[in-house]
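Colleague: have a look; sequence and predicted model below, questions after that.
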Amino acid sequence: MADLQETSVTLPSEAASVTAARRCVSRQLLEWGLPPDDPAADTVRLIVSELATNAVLHTSGQSPTFTMDIRLERGEQLHIGVTDSHPRWPRRLPTAAQQDNGRGLVIVRLLAAESGGGLRVTPTGDGGKTVWITLPWAVPVR
């Protein structure tokens, strides 16, 4: 097995792309040996849904596309990054402001932590950012 396996997809910043991102990650996880009914697959799909939704909703039309990178390092760590070109980085909203929205990254951070992983944000060369999650991988890779 290679030390690094990866795939990437760039999608338009529109609502239908959230479903497309979820399908893409589901196919890749299955190809790497994670059954679709495994609880870890549900966790990853939910995280991808939240990150893709953020890339669509919170870029205010300033990022016409977003890119999802999926990487499996040495069969031990799964990394998923969602990149957009909007300059504003995610920020936590005060609890009172989270009535209707604003919980996406809180959910992502908690899901990643519960799985033994984490979340980080990195800048891109064009002034945007990538929101990364890292999760341990416990499935023998095909």
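Modeller: All right, it came through fine.
Colleague: contacting residues around residue 26?
Modeller: Shown in contact with residue 26 (Cβ atoms under 8 Å, 6 or more residues apart in numbering): 36, 41, 45. Heads up, the C-betas are built off the backbone N, CA and C, glycines and all.
Colleague: for the lowest-mean-pLDDT helix or strand in the chain, name the packing helices and strands.
Modeller: Using mean pLDDT, DSSP states H and E, helix 104-114 stands out as the lowest-scoring helix or strand of the chain, at a mean of 91. The contact analysis (3 or more Cβ pairs under 8 Å, 6 or more residues apart in numbering; DSSP states H and E) places helix 104-114 against helix 39-57, strand 118-123, strand 129-136.
Colleague: angle of that helix against helix 39-57?
Modeller: Angle, helix 104-114 to helix 39-57, by axes from the mean of the first three to the mean of the last three Cα atoms, to 10 degrees: 160 degrees.
Colleague: can you show me the CA trace of helix 104-114 as CSV?
Modeller: What follows is helix 104-114, C-alpha atoms only, in CSV (Å, rounded to 0.1, in the frame of the first residue of the first chain):
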residue,chain,number,x,y,z
GLY,A,104,-21.7,23.5,12.1
LEU,A,105,-18.1,23.7,13.2
VAL,A,106,-19.0,23.0,16.8
ILE,A,107,-20.5,19.7,15.6
VAL,A,108,-17.5,19.0,13.3
ARG,A,109,-15.1,19.7,16.1
LEU,A,110,-17.0,17.5,18.6
LEU,A,111,-17.4,14.6,16.1
ALA,A,112,-13.7,14.7,15.2
ALA,A,113,-12.7,14.8,18.9
GLU,A,114,-15.0,11.9,19.8
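Colleague: report the buried residues of it.
Modeller: Applying a neighbour-count criterion of 16 or more other Cβ atoms under 10 Å, one finds 104-105, 108-109, 111-112 buried in helix 104-114.
Colleague: confidence score at residue 29?
Modeller: Residue 29 carries a pLDDT score of 95 in this model.
Colleague: ok, residue 120 touching residue 109?
Modeller: No: in this structure, residue 120 is not within contact of residue 109 by Cβ atoms under 8 Å, at 10.1 Å.
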